[in-house]
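# take this sequence and fold it.
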Amino acid sequence: MEVIRDLSLFPNLSQTVVTSGTFDGLHIGHQKILKRVIERARQINGQSVVISFWPHPRLVLFPEDNDLKLLSTIEERIEELRNFGIDYLLLIPFTKEFSRMSSRSFITDILVRTINTKVLVIGYDHRFGKNREGSFENLKARSQQYGFEVEEIPRQDIDDIGVSSTKIRKALESGDIETANRYLGRSYSLTSTVEEGNKLGRTIGFPTANLALPAAHKLIPANGVYAVWVKIGEARYGGMMNIGIRPTVDGKQLTLEVHILNFDQDIYGQTLTVEYVQHLRQEQKFDGLEALKAQLAKDKEATQQVLEIR
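Sure thing, here's the model as predicted:
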């Protein structure tokens, strides 16, 4: 997939099938639209194109909204689209000036002149342009004039799935990993760098990789212990992860710690990806390190059962 971040650098293509949106999390509703884009591109021997935006529009239009949590960083979104098989990603810098672009200008300047759109595929509730004035009806009325076909994914096709980014966020914030993963069509993941901790885990037989807190607005699931998969480079390991403040040792700051099963390597400074599989229990305070160690042994056994490994 080629990533273009400047409209002037978009290549001269002749048979483009296009869709547009933020695609946060790339859940199964998004995937339905993208599958259709790729399918139509193959039918006309053309190229699949996604138009997306960064920063997230809400971060620009409502900067005082500090509660916004995103399912994917921009790097994760790019990787998800690449893995899905999209040919081109046009990543438009979202600014207040861009937000004032009319739907007519969006059509003429971007869809027609820049991308040379032949087919535009959109979800039933998609809107674009200043004040979200652009609609399917608006596009349909002008499609012949501008020389491209417009295809809308029907409301029923999306509603039957019953998925939205909001539902996924709420599931993750409550620790309901199974529901979130079902809506995503894959495991929710978090990518971060391993940093030095206080090495307390080593003293009780459960060394952990301490992860730096991710980029601002990236959603961290609810506090607790999780069965996870850990990807380091091309390798994949089972693990159990704790998200919380470590009350047993009077912790005060949020920490992300993962104990990687059957693993004993120095990975300080390396980047790893955690894929959440199941929430095992709430974070709790124990009466000392021995009690914590006993519980961690139970957590390890539960993790092995969930992941079906030994």
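# quick one, strands of the stretch 151-300 of the chain?
Assignment of strands within the stretch 151-300 of the chain using DSSP state E, counting those that start in this stretch yields the ranges 189-195, 209-211, 224-232, 235-244, 255-260, 271-281.
# in JSON lines, list those along with mean neighbour count and mean pLDDT.
No exception for glycine: its C-beta is placed from N, CA and C like everyone else's. Below are the strands of the stretch 151-300 of the chain laid out as JSON lines (neighbours: other CB atoms under 10 Å; pLDDT from 0 to 100):
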{"stretch": "strand 189-195", "mean neighbour count": "18", "mean pLDDT": "94"}
{"stretch": "strand 209-211", "mean neighbour count": "22", "mean pLDDT": "93"}
{"stretch": "strand 224-232", "mean neighbour count": "21", "mean pLDDT": "97"}
{"stretch": "strand 235-244", "mean neighbour count": "20", "mean pLDDT": "95"}
{"stretch": "strand 255-260", "mean neighbour count": "21", "mean pLDDT": "94"}
{"stretch": "strand 271-281", "mean neighbour count": "19", "mean pLDDT": "96"}
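# can you redo those strands as a markdown table with distance to residue 3?
As requested, those are exported to a markdown table (distance: least, CB to CB, whole Å):
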| stretch | distance to residue 3 |
| --- | --- |
| strand 189-195 | 17 |
| strand 209-211 | 26 |
| strand 224-232 | 22 |
| strand 235-244 | 26 |
| strand 255-260 | 28 |
| strand 271-281 | 19 |
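# which ones are touching residue 12?
Residue 12 makes contact with residue 116 under the criterion CB atoms under 8 Å, 6 or more residues apart in numbering.
# name the nearest residue to residue 306, ignoring sequence neighbours.
Distances taken as CB to CB, 6 or more residues apart in numbering place residue 227 nearest to residue 306, at 4.1 Å, with adjacent residues excluded.
# my error: substitute residue 232 in the last question.
Counting by CB to CB, 6+ apart, the residue nearest residue 232 is residue 272, at 4.8 Å.
# quick check: that neighbour touching residue 228?
No. Between residue 272 and residue 228 there is no contact, the gap being 10.4 Å when judged by CB atoms under 8 Å.
# and for those two, which residues touch both?
residue 258.
# now do residue 226 against residue 83, distance only.
23 Å (CB to CB, to the nearest Å).
# oh, I was asking about residue 44
Separation of residue 44 from residue 83 (CB to CB) stands at 23 Å.
# repeat that for residue 107.
30 Å.
# name the residue in these two with the higher neighbour count.
Legend: neighbour count by other CB atoms under 10 Å for residue 107 and residue 83, higher for residue 107 (23 against 11).
# which non-adjacent residue is nearest that one?
residue 146 (6.0 Å).
# what number of residues lie near that neighbour?
16.
# list the contacts of it.
Residues near residue 146 by CB under 8 Å, 6+ apart: 107, 108, 111, 112, 117.
# so residue 284 sits against residue 246, correct?
No. Between residue 284 and residue 246 there is no contact under CB under 8 Å: 10.8 Å.
# name the residue in those two with the higher neighbour count.
residue 246 (19 against 14).
# ok, the more buried one touching residue 255?
Yes. The pair residue 246 / residue 255 is scored as a contact, 6.1 Å apart, by CB under 8 Å.
# identify, by residue count, the longest helix of this structure.
helix 289-307 (DSSP state H).
# who are the packing partners of that one?
On a contact count with 3 or more CB pairs under 8 Å, 6 or more residues apart in numbering; DSSP states H and E, helix 289-307 meets strand 224-232, strand 235-244, strand 271-281.
# remind me what the first one packs against, helices and strands.
With contacts taken as 3+ CB pairs under 8 Å, 6+ apart, strand 224-232 sits against strand 235-244, strand 255-260, strand 271-281, helix 289-307.
# so which of these is nearest residue 69?
Of all these, it is strand 235-244 that lies closest to residue 69, at 14.0 Å by CB to CB.
# now tell me what touches the closest one from outside.
208, 220-230, 251, 254-263, 274, 276, 280, 283, 296, 299-300, 303-304, 307, 309.
# and that strand, how far out from the chain middle?
Distance, stretch centre to chain centre, for strand 235-244: 19 Å (CA atoms, centre = their mean, to the nearest Å).
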